[in-house]
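Enquirer: Need the 3D shape of this:
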Amino acid sequence: MEVHGPGGLNGPGRIEIHRIQAQRPQEIQVSGHVGDRAEISEVARLLNKLAAVPDVRMDRVAELRQLIAAGQYETPERIAGAVDKILEEL
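Expert: Numbering: from 1, shown residues only. Predicted coordinates:
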């Protein structure tokens, strides 16, 4: 067996070009092709909502904890306000 040149045993093969015809917009609609589509998971939706939640103000949390521990947070005015809000919801 003899190999002559870079073409191997039989030489280089013929290159055939297959042209693809572009579809016109009305052809796409008739064919039922919808296009690209993306689906967003429920986890991604929840993460998006979580990103919109404002940052926790730790200084305010510490202040309220001290008021609760000292018994100064639950005043009659605050209890009445909470009751009013609950009644509005109902």
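Enquirer: which helix of the protein spans the most residues?
Expert: helix 76-89 (DSSP state H).
Enquirer: what is the mean pLDDT for that one?
Expert: In this model, helix 76-89 has an average pLDDT of 92.
Enquirer: In CSV, list the C-alpha atoms belonging to that helix.
Expert: Output in CSV follows, covering the C-alpha atoms of helix 76-89 (Å, rounded to 0.1, in the frame of the first residue of the first chain):
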residue,chain,number,x,y,z
PRO,A,76,-52.0,49.8,76.9
GLU,A,77,-51.7,52.1,73.8
ARG,A,78,-49.7,49.6,71.8
ILE,A,79,-52.1,46.7,72.8
ALA,A,80,-55.1,48.8,71.7
GLY,A,81,-53.4,49.6,68.4
ALA,A,82,-52.7,45.9,67.8
VAL,A,83,-56.3,45.0,68.6
ASP,A,84,-57.5,47.7,66.2
LYS,A,85,-55.3,46.4,63.4
ILE,A,86,-56.5,42.8,64.0
LEU,A,87,-60.2,44.0,63.9
GLU,A,88,-59.5,45.9,60.6
GLU,A,89,-58.2,42.7,59.1
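Enquirer: Next, work out how far apart L46 and V61 are.
Expert: Distance of L46 to V61, given as C-beta to C-beta, to the nearest Å: 23 Å. (C-beta placed from N, C-alpha, C; glycine too.)
Enquirer: oh, I was asking about L67
Expert: Relative to V61, and taking C-beta to C-beta, L67 is found at 11 Å.
Enquirer: out of the two, which sits in the busier spot?
Expert: L67 (13 against 10; other C-beta atoms under 10 Å).
Enquirer: phi, psi of that one?
Expert: phi -60, psi -40 (degrees, to the nearest 10).
Enquirer: excluding its backbone neighbours, what's nearest it?
Expert: Y73 (4.1 Å; C-beta to C-beta, 6 or more residues apart in numbering).
Enquirer: secondary structure element for the one you found?
Expert: Per DSSP states H and E: Y73 is located in neither a helix nor a strand.
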